[in-house]
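>>> quick one: sequence and predicted model below, then my questions.
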Amino acid sequence: MKNFLISLLLVLPSGVNGEEYSCLDLIGTWITSNYEYSIAIQKQSETTYYKDGTFKSVFTFTGNNVTKSQVESGTWSCTGDFVTKNTHIVKGVTVDYTEVYENIVLNSSYRKYATSLMNCDVVKGDCKGKVYEATKK
């Protein structure tokens, strides 16, 4: 039943401003790179969204002559307009937090999205209204 619901959510089209988004376009590996001004670090992420509703993200942080990486994994769901990521593992440690992003543009090769419904008090880095762009690998 769970797989059926995930599959159903993946094919439901939606979108803002009359645009139709297919959550199936999200499946695959996406590359995002941006500068986090509040912590003075360049951040690159490579996130793979799997059809079974799981994801894996590898983040690389570069700043002050130091490069660090971090792996996160969990589950995701999509309604077209919004993508919800439930992170369960960060650097091998069990966690439980949720991030919601609003799709501005989503197609098979490009995604533009913004943070939404986040508690920015617990986020280290840029948060409210942050707009990201990603390209499919």
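Received it, and whenever you're ready, just let me know what you need. Treat the numbers as computed from the prediction; the structure is a model and nothing was measured.
>>> tell me how far residue 131 lies from residue 46.
The gap separating residue 131 from residue 46 is 19 Å, by Cβ to Cβ, to the nearest Å. Quick note: C-beta positions are derived from backbone N, CA and C, even for glycine.
>>> neighbour-wise, which of those two wins?
Under the criterion of other Cβ atoms under 10 Å, the comparison of residue 131 against residue 46 puts residue 46 first, with 16 against 13.
>>> sec struct for the more buried one, please.
Each residue gets one of three states, and residue 46 gets strand by DSSP: H, G, I helix; E, B strand; the rest coil.
>>> quick thing: my sequence starts at 54, can you match it?
Fine by me, first position is 54 from now on; the one you just mentioned is residue 99.
>>> do you know how far it is from residue 147?
The separation that residue 99 has from residue 147, given Cβ to Cβ, amounts to 22 Å.
>>> what's across from the nearest residue to residue 93 once chain neighbours are set aside in the sheet?
Using Cβ to Cβ, 6 or more residues apart in numbering and skipping residues adjacent in sequence, the residue nearest residue 93 is residue 116, 5.5 Å away. Partner residues in beta bridges with residue 116, using DSSP bridges, are residue 119.
>>> which residues touch residue 116?
The contact partners of residue 116, by Cβ atoms under 8 Å, 6 or more residues apart in numbering, come to 92, 93, 94, 95.
>>> quick one, helices of the protein?
With DSSP state H as the definition, the chain shows helices at residue ranges 55-64.
>>> so where's it shaky on pLDDT?
Along the chain, the model assigns pLDDT under 70 to residues 54-72, 170-182.
>>> rerun that using 90 as the cut-off
Within the chain, the ranges that satisfy pLDDT under 90 run 54-74, 88-93, 117, 133, 150, 152-153, 168-184.
>>> in it, mark out all the strands, start to finish.
If you assign secondary structure with DSSP state E, the strands in the chain sit at 81-89, 94-102, 107-116, 119-131, 135-143, 146-159, 163-169, 184-189.
>>> residue 75 - how many residues pack around it?
Applying other Cβ under 10 Å, we find 18 residues neighbouring residue 75.
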